[in-house]
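Participant: below are the sequence and a predicted model for it; my questions follow.
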Amino acid sequence: MDRKQCCVKLSVQPSRGLVDEKFVVLVQNAFPGFQLTVHAHHQCEDGHGWEAFGHYTADATGTVNVSEDPSLGGTYSGAEPMGLLWSLRPVPGSKPGLRMRKKNVQTPMEITVSVYQGHQTEGFVDQVPLTGVVVERWYMAPGVQRIPISEDGLTATLFLPSGPGPFPGLLDLWGGGGQLVEYRAALLASHGIASLALDYLTSKITMETGKMVDNQYFETAYRVLQQHPQVLGSRIAMLGLSFGTSVTLKMAVYSQVVKLRCVVCISGSHVQPVDGSVEQILSFFHKNADKTRFNEDNEAIWRDLLLPIPTDPSLKVDVGRLQCPLLLVVGEDDQNWPAYESAMDMKEMMERAGNSHLLTILSYPNAGHLIEPPYTPHARASSFRTVSTRLKLMALWGGQTAEHSRAQEDSWKKMLAFLRENLYGGTDPGARSISHL
Amino acid sequence: MALIHVQVTYTMSTCGPPITDAGQTRWPPPFFSSEDAALLPGFPKQSFPPPKAILKTSSGSEREHFCCLTLLSLTCFAASLAMCFNVFTVNLTLTVCKHGFMFPLCLLVSSKVTTDHSVGGSYLGCEPMGLFWGLQPAPGEREGLRLRKKNVEAPYTVHISLLEGHVSPSEGQTTRLATVTTERWYMAPGVKRIEIRQDGVVGTLFLPPGPGPFPAILDLWGMGGGLVEYRSALFASRGYASLSLAYFGHKELPGPLNRINVGDSYFKSAFHLLQAHSQVCTDRIGIFGLSFGVYLSLRIGIHLGVTPSCLICINGPVGSTSKLSDPDGKTKQFKSEQTNWTFDDQGYVSFRKVSLPSNLFNGSLVKTENLTCPLMYIVGEDDQSASSKENADLIEETLRSVGKSHLFTRLSYPGAGHLIEPPYSPNSRASLWSVKPKKLVTLWGGHLAPHAAAQEDSWRKILEFLESNLRV
């Protein structure tokens, strides 16, 4: 038997973890100075192959520690503990415009991590690696419950953390692509927040009647969450990305029903006809559709549709009236929405109104539109079909992969801290204190 | 009101106190003697897999001042048909006073000396994995239980809860502040489980993920019989192909259940089957035995003409404890040899004397002087089921007399019992041995904390031993 084949050892710890957990990839027992490639492969639910790899040189003890040692090339470079995940890209020959999103959160992502001899850049599928292991990445921690919600006409899924509860709650909204996207809510529940993922563009009612939901739909979702026996009704937050930000800000400021402890808005804007319905907001954007630009790769840039930021107050959510903490997360290379410009305008409005102490802005150079939970691949552009037009084209989201991935990691950590601080901490009138005497 | 959020993570480092050097095992006074100090292991260092669970609680409140907390761990499993749901509990009581906003209260930290001490409950002191190895049958459960995983393809589910105050959960009402669920697996992702019924061999093979070929282990348990898979599953999760072999008390083996009806030819077939497997390195096979499995490992490794790369023996004899019925190694009925059984005042039976070298059947003694590969022998000094120390002494002396001491490694653990198993599972000092013809509980020995330390330390050393003999 070839000595090398029995000897090189690979471990990834933990071999089972949450999607936002770091792991340590360790190669041992290689020859000192040995050149090798650490490679990751994943087949997503749609059947497409994704891969990432880094080039390493074993040290004097024959070891490579991916968390500490620099990659000398590959799909990522430098010391990048999680580069094998965030730099995953479609394998050669894949169709263009792919974006990796997990639909079924009750099963893990399985990644095969392998070690190849030498510094390889292609043809991995035709070679036998020296060694390989399988890693599971989960959106749902053990004990988290997934509960489909269809009462009161809602299309939603509730994720409850494990334990007796009760738990603080959160309404989770995605953007203009619609569908019921569960993975972020599942992950938040894994961190102790009862989270309701809400489909508000392609809900059952909308698909059956052809009509968009009204503002009451969101108030119903809030009520359902608030009244759930395992949710603390006085501690509910709302989180929106992209178009979800438009809805979130609207509810936070204008709704008489929705009372939020805090709000998180990612890659979105406050620009919209004030207190308009979903339908009205969408047609407002539509009116400016001629401002769509296309780059030389024929990718659609939509950020200009809301620019310049209007001065007319009837076209902007009056964030000066906000009464709870607001966290804005924006990518400065967002090509889809003018998130940065909107954030700056919101800051100005809140400074004038005197409530800017509630505002925190996280702004990331070279991050794009799709700021998602960390350690999943970045898509600078992908196929997109808007709900309203039903047109399918290539949308340019923006972002440079390494910096975008750093932004995802940093913003997620700060988002969780922000949510925990506001949902778990602080005083609550009438609540039991557990301070020891 | 401050809500408490409990989180279990498996990463090696999180926020928290800076790493200080790993401390010595804290062994409660009765089980520690200064002359044994040289044998006491320190806690494993940071680089040691497997990862341990880190428990982190955090509160968002700036003004929160935690003084009294209890941690409770529960594992539920559906055992064999003979038992229904058994609930094991442990409680860890801590006194911690930490102020601060989002200060992670690192209660249990992997490979780092925790700042938090248990001051009562099922165990004392800084014990990162105490919630697991300290598990004991819950009050009300019947006597003689032993926690063993039958189905290795599913994990243990452990619920860890934080209770208010220093309480014993069994006494009355307690407020559960928060709970987290964690899973403990014997099989890593990608490990394959393959039932083997070939060439008369009855066993289960576990293959690591990856292209292979792999170094391999032949895994033998004791006279409890059946087919025990979990240790093999764990070896495969560490990169070794591993074959759990049945040889006694299994319905798919020939002959009556109360005798060993397979002999040398059977074990040879098993070894060759493993060796011939396309995913196994033919010249890198080790043999692992516990209890009666020690005798078999020695017999296979030395008498049968196969050439293992190493042998690992835990708490077992150099010869058979049952009279042989033929030169091939088959035995007569095990139950008939009761002359050397002893009973304590609770009526528990100890088999210790049965395996005293002078009581072993002469024709069966393995000629350990003919050993040709490294041998590691592990002794639990409180072993009540086998005369481990005496057998280790005999092997050591035999090897010394023929100049082969360099092949022999001995690990000896004060306070550890017979069942030295992979770490972080609880020890049973005694458990149910048989129900017919009469109910018998047998004494294994071992006290909870030192036995847990022995399991942890020996496992690390076993993996290192396998590494240097099967992989380099």
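Facilitator: Yep, it's here.

Participant: run a quick neighbour tally on the closest residue to residue A:345 other than its chain neighbours.
Facilitator: Distance criterion Cβ to Cβ, 6 or more residues apart in numbering or on different chains; nearest residue to residue A:345, sequence neighbours excluded, is residue A:309 at 4.6 Å. Where you see a C-beta, it was placed from the backbone N, CA and C, and this is true even at glycine. Summarising burial for residue A:309: neighbours were counted as other Cβ atoms under 10 Å in any protein chain shown, giving 17.

Participant: and residue A:309, what does it touch?
Facilitator: With Cβ atoms under 8 Å, 6 or more residues apart in numbering or on different chains as the criterion, the residues that contact residue A:309 are A:271, A:316, A:338, A:341-342, A:345.

Participant: keeping just the C-alphas, turn stretch A:107-123 into CSV.
Facilitator: Backbone C-alpha positions of stretch A:107-123 (Å, rounded to 0.1, in the frame of the first residue of the first chain) are rendered in CSV as follows:
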residue,chain,number,x,y,z
THR,A,107,-32.1,18.1,6.5
PRO,A,108,-28.5,19.3,6.7
MET,A,109,-26.2,20.5,3.9
GLU,A,110,-23.6,17.8,3.4
ILE,A,111,-20.2,19.0,2.4
THR,A,112,-17.4,16.6,1.4
VAL,A,113,-14.0,18.0,2.4
SER,A,114,-11.0,16.3,0.8
VAL,A,115,-7.3,16.6,0.5
TYR,A,116,-5.6,16.3,-2.9
GLN,A,117,-1.9,16.0,-3.6
GLY,A,118,-0.3,19.1,-5.1
HIS,A,119,-1.8,22.5,-5.9
GLN,A,120,-4.8,21.6,-8.2
THR,A,121,-7.2,23.9,-9.8
GLU,A,122,-9.4,21.6,-11.9
GLY,A,123,-10.3,18.1,-12.7
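
Participant: in it, what's buried?
Facilitator: Using 16 or more other Cβ atoms under 10 Å in any protein chain shown as the burial criterion, the residues of stretch A:107-123 that qualify are A:108-109, A:111-117, A:119-120.

Participant: how far off centre is it?
Facilitator: Taking the mean C-alpha point of stretch A:107-123 and that of its whole chain, the gap between them comes to 24 Å (Cα atoms, centre = their mean, to the nearest Å).

Participant: now the helices for the stretch 51-200 of chain A?
Facilitator: Under the criterion DSSP state H, counting those that start in this stretch, helices of the stretch 51-200 of chain A are mapped to A:83-86, A:183-189.

Participant: again with chain B
Facilitator: Listed in chain order, the helices of chain B (DSSP state H) span B:130-133, B:230-237, B:264-276, B:292-298, B:388-401, B:448-470.

Participant: tell me the most buried of those?
Facilitator: helix B:292-298 (a mean of 27; mean count of other Cβ atoms under 10 Å in any protein chain shown).

Participant: packing partners for it?
Facilitator: strand B:214-220, strand B:280-290, strand B:310-314 (3 or more Cβ pairs under 8 Å, 6 or more residues apart in numbering or on different chains; DSSP states H and E).

Participant: find the centremost residue of chain A, please.
Facilitator: In chain A, the centroid-proximal residue (Cα atoms, centre = their mean) is residue A:372; its distance is 1.9 Å.

Participant: among the helices and strands packed on helix B:292-298, which is the most enclosed?
Facilitator: Burial of the helices and strands packed on helix B:292-298 is given as mean neighbour count (mean count of other Cβ under 10 Å); strand B:214-220 ranks first at a mean of 29.

Participant: any idea which of the buried residues of stretch A:107-123 is the one closest to residue A:55?
Facilitator: Minimum distance to residue A:55 across the buried residues of stretch A:107-123 is 4.3 Å, recorded for residue A:119 (Cβ to Cβ).

Participant: number of residues surrounding the nearest residue to that closest one once chain neighbours are set aside?
Facilitator: Counting by Cβ to Cβ, 6+ apart, the nearest residue to residue A:119 once its immediate chain neighbours are dropped is residue A:55, at 4.3 Å. Burial of residue A:55 is recorded as 21 neighbouring residues (other Cβ under 10 Å).

Participant: where does the stretch 251-400 of chain B get nearest to chain A, which residue?
Facilitator: Scanning the stretch 251-400 of chain B for proximity to chain A using Cβ to the nearest Cβ identifies residue B:281 as nearest, at 4.8 Å.

Participant: these two touch, right, that residue and residue B:239?
Facilitator: No - using Cβ atoms under 8 Å as the test, residue B:281 is too far from residue B:239 to be in contact (11.5 Å).
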